[in-house]
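Chemist: Just to be clear, the model below is a prediction. Sequence and coordinates:
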Amino acid sequence: MRCSGSSAATSGTTLAFNFLRPRMSGVRRAIVVSMTIYAIDDHPMLRDAVVMAMKRLRPHSNIVELNSLADINDALINHGPPDLVSLDINLPDNDSGEGVSRVRSMFPKAQIAVFSTHPSSDMEEICVASGADIYIEKASGRQEYAKALKALLETGPGDGTANGAAEFKLSKRQHQLVRMMDRGLTNAEMATAIGLEEVSVKVHLWRLYQKLGVNNRARALFVLRSNHMLD
């Protein structure tokens, strides 16, 4: 286990506030908010690329580098629970969506980004259904990963609504996307229409799928129609 970042927390989610005391009256105080991030990947070079992207997006974060799911318990003791987990599902002790389910059950409030060698056509729906917020193929490259991670962080954590809840509370953005989805617009077309990156649209839709307890667009529309949310 390797730790990089501004500080290591011993308990709780790391929220470090750095107040710069003004020397003159009227000078604003600058606040630096830090996150605890677990980067789980057994390939050092690929993990370094992930860490580099994270440092650019959240330079004051405490980034804990792990080789396997088995390292999580020590990380939790030494650094506290994560705000974000970057997870490769191809690990010595995991090669399936079960690893995502395990991380989600341990950290229900954390954001989870899966960055893996499996084609998205094979594993994306499985991982999202298991609790991942985003899924990115390693073949898409570091820039695409960084773009997806930026979109996830900007979207913020989910609202904690349980999957399959009888009543769905959609965000304003989700309502907007649902209407476009019902009209048959693609992710790219929706992104152009509302001025977002396509990956940001995907993050919003993945969050919507989790809220509805589904793992694809067709099932989401079925649930929404069944609950008269497209009337």
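Modeler: In hand now; what should we look at?

Chemist: Show the low-confidence segments of this structure, by residue range.
Modeler: When the per-residue scores of the chain are filtered using pLDDT under 70, the ranges that remain are 4-33, 157-168.

Chemist: which stretches of it form helices?
Modeler: Remark: helices assigned in the chain by DSSP state H are 44-57, 72-79, 98-106, 120-130, 142-155, 172-182, 187-194, 198-212, 217-226.

Chemist: mind checking which of these is nearest residue 88?
Modeler: With CB to CB, the closest approach to residue 88 among these belongs to helix 44-57: 7.3 Å. Every residue, glycine included, has its C-beta placed from N, CA and C.

Chemist: now that closest one, how far from the centre of its chain.
Modeler: 15 Å (CA atoms, centre = their mean, to the nearest Å).

Chemist: for it, which positions count as buried?
Modeler: In terms of neighbour count (16 or more other CB atoms under 10 Å), helix 44-57 has its buried residues at 46, 47, 49, 50, 51, 53, 54, 57.

Chemist: so who does the residue lying closest to the second one once chain neighbours are set aside touch?
Modeler: Right, the one you point to is residue 47. Spatial nearest neighbour of residue 47, excluding adjacent residues (CB to CB, 6 or more residues apart in numbering): residue 41 at 3.9 Å. Residue 41 makes contacts with 47, 50, 66, 67, 86, 87, 88, 91, 115, as judged by CB atoms under 8 Å, 6 or more residues apart in numbering.

Chemist: Quick one, which of the helices of the chain gets closest to residue 136.
Modeler: Of all the helices of the chain, it is helix 142-155 that lies closest to residue 136, at 4.9 Å by CB to CB.

Chemist: can you list the residues that contact that closest one?
Modeler: By CB under 8 Å, 6+ apart, the surrounding residues in contact with helix 142-155 are 49-50, 52-54, 56-58, 84, 86, 111, 113, 115, 133-134, 136, 138, 197, 199-200, 202-204, 207.

Chemist: ok, 10 Å please
Modeler: With contact meaning CB atoms under 10 Å, 6 or more residues apart in numbering, helix 142-155 is reached by 35, 37, 46, 49-50, 52-54, 56-58, 83-84, 86, 111-113, 115, 133-138, 140-141, 171, 173, 196-204, 206-207.

Chemist: now residue 67, nearest residue through space, not along the chain?
Modeler: In space, not counting the residues next to it along the chain, residue 67 is nearest to residue 42; the distance is 4.8 Å by CB to CB, 6+ apart.

Chemist: how many other residues sit next to that neighbour?
Modeler: As a burial measure, the neighbour count of residue 42 was computed by other CB atoms under 10 Å and equals 15.

Chemist: That one reaches residue 87, doesn't it?
Modeler: No: taking CB atoms under 10 Å as the contact criterion, residue 42 and residue 87 are not neighbours in contact, 11.3 Å apart.

Chemist: Are there residues contacting both of these two? Which ones?
Modeler: residue 66.

Chemist: coming back round to it: which pair of the buried residues of helix 44-57 spans the longest distance?
Modeler: With distance counted by CB to CB, no two of these lie farther apart than 46 and 57, which are 17.2 Å apart.

Chemist: Now the two most distant members of the contacts of residue 41.
Modeler: Considering CB to CB, no two members of those lie farther apart than 67 and 115, which are separated by 14.9 Å.

Chemist: The two: which is more packed in?
Modeler: residue 115 (27 against 17).

Chemist: Tell me who's in contact with that one.
Modeler: Contacts were defined as CB under 10 Å, 6+ apart; by that measure residue 115 touches 39-41, 46-47, 49-50, 53, 86-89, 134-138, 140, 142, 144-145, 148-149.
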